[in-house]
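A.B. asks: how would this look folded up:
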Amino acid sequence: MAAADRSADTDSGTAGAQSVRRALAVLRVLATGQERGVRLTDVVNHTGLNRPTVHRILRVLVEEGAVEQDPATRRYLVGGEVSLLGLARSSRFPIRAIAEPHLRHLSESLGDTAFLTIRNGTDSVCIDRRAGSFPVKVLSIEIGARRPLGVGVSGLVLLASLPPDEAAEVVRRNARRLEALRIDPAELLARAVRVSRDGYAYAPVGVVPGSRAVAVPVCLADGRTVAGLAIATITERLPDARLETVVAQMRERARLIGAQAAELAHRKSVRRTSVAFSGASSSSSRDASSRQ
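C.D. replies: A predicted model of the protein is given here:
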């Protein structure tokens, strides 16, 4: 192949990779809108791409069913094709199945809404929610809600679990989105330091007016944080005097979730090692037979 041809292929490959990254960036922004959808202007602002580029990407994604546009509001939403693709890996997040009975226990024992959130790159994503028995329910975050890491109590415990340099890099990459939310990056990092020291994140003023929220980290035996476990309730149900008791209950459930997740990871590791050893043994046996 001539040098010019190789150069053309390289340029084409680079452009193709860039297009894929841009399309995924657009989809991630749309995911924050959930059922409300996101305006074209907001997609432009959050991605940093120019308007014609965003419009072109959205047009293709709509044609492929990966994005839908509400005819009334003109807002864009994640499309059915993306949801269907996700069904192919429904077991991708075993932490959700492990945590489900513990979320249910917390919501029933405390009477308030419990949430499970994980990190995904520079975002936090709510992957499960259980409403409590108390008549007034705080359903501040929907399942699938995606926010910049550090926003909300669950996002804070996840950000606080990172090494300082990594946390600073995440906040730097989210600077444009944080600015749109009127969140100061330096203050967010300072809050993460306090959360790391305290072992939990507490918001005396929650996402929903008149609510409060608290979150604790879910950690494996080696100390790695794999999720955030949160409770949201009306202000009157979480006075300062009750906070310590609620946090203690949440920590115990987080400990159980972490222990079960670690056990599952260990079993999978043993199984992979066993399969690899079995394959190596079979190969050795075949080699020995061929030499006889």
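A.B. asks: The residue lying closest to residue 146 once chain neighbours are set aside sits in which helix or strand?
C.D. replies: Nearest residue to residue 146 in three dimensions, chain neighbours excluded: residue 31, at 4.5 Å (CB to CB, 6 or more residues apart in numbering). No exception for glycine: its C-beta is placed from N, CA and C like everyone else's. Following DSSP states H and E, one finds residue 31 within helix 3-33.
A.B. asks: Quick check: what element follows the helix or strand hosting residue 169 along the chain?
C.D. replies: Using DSSP H and E, residue 169 sits in helix 164-173. Counting by DSSP H and E, the next helix or strand C-terminal to helix 164-173 is helix 175-180.
A.B. asks: Contacts for that next one next, please.
C.D. replies: Defining contact as CB atoms under 8 Å, 6 or more residues apart in numbering, one finds that helix 175-180 is touched by 42, 45, 46, 48, 148, 150, 151, 171, 184, 185, 188.
A.B. asks: which one of these has the most neighbours?
C.D. replies: Sorting the contacts of helix 175-180 by how many neighbours each has (other CB atoms under 10 Å) puts residue 150 first, at 29 neighbours.
A.B. asks: for that one, helix, strand, or coil?
C.D. replies: coil (DSSP: H, G, I helix; E, B strand; the rest coil).
A.B. asks: Next up, the contacts around it.
C.D. replies: When contacts are taken as CB under 8 Å, 6+ apart, residue 150 is in contact with 124, 156, 158-159, 167, 170-171, 174, 178, 183, 188, 191-192.
A.B. asks: Residue 142: which of these is nearest?
C.D. replies: Ranked by distance to residue 142 (CB to CB), those are led by residue 124 at 13.2 Å.
A.B. asks: In contact with that closest one: list those residues for me.
C.D. replies: 117-118, 146-152, 154-155, 158, 228.
A.B. asks: A strand includes it, no?
C.D. replies: Yes. With three-state DSSP as the criterion, residue 124 is located in a strand.
A.B. asks: Spatially, and excluding backbone neighbours, which residue is closest to it.
C.D. replies: Excluding its sequence neighbours, the residue lying closest to residue 124 (CB to CB, 6+ apart) is residue 155, at 3.8 Å.
A.B. asks: Could you tell me whether that neighbour really is in a helix?
C.D. replies: Yes. Counting by three-state DSSP, residue 155 falls inside a helix.
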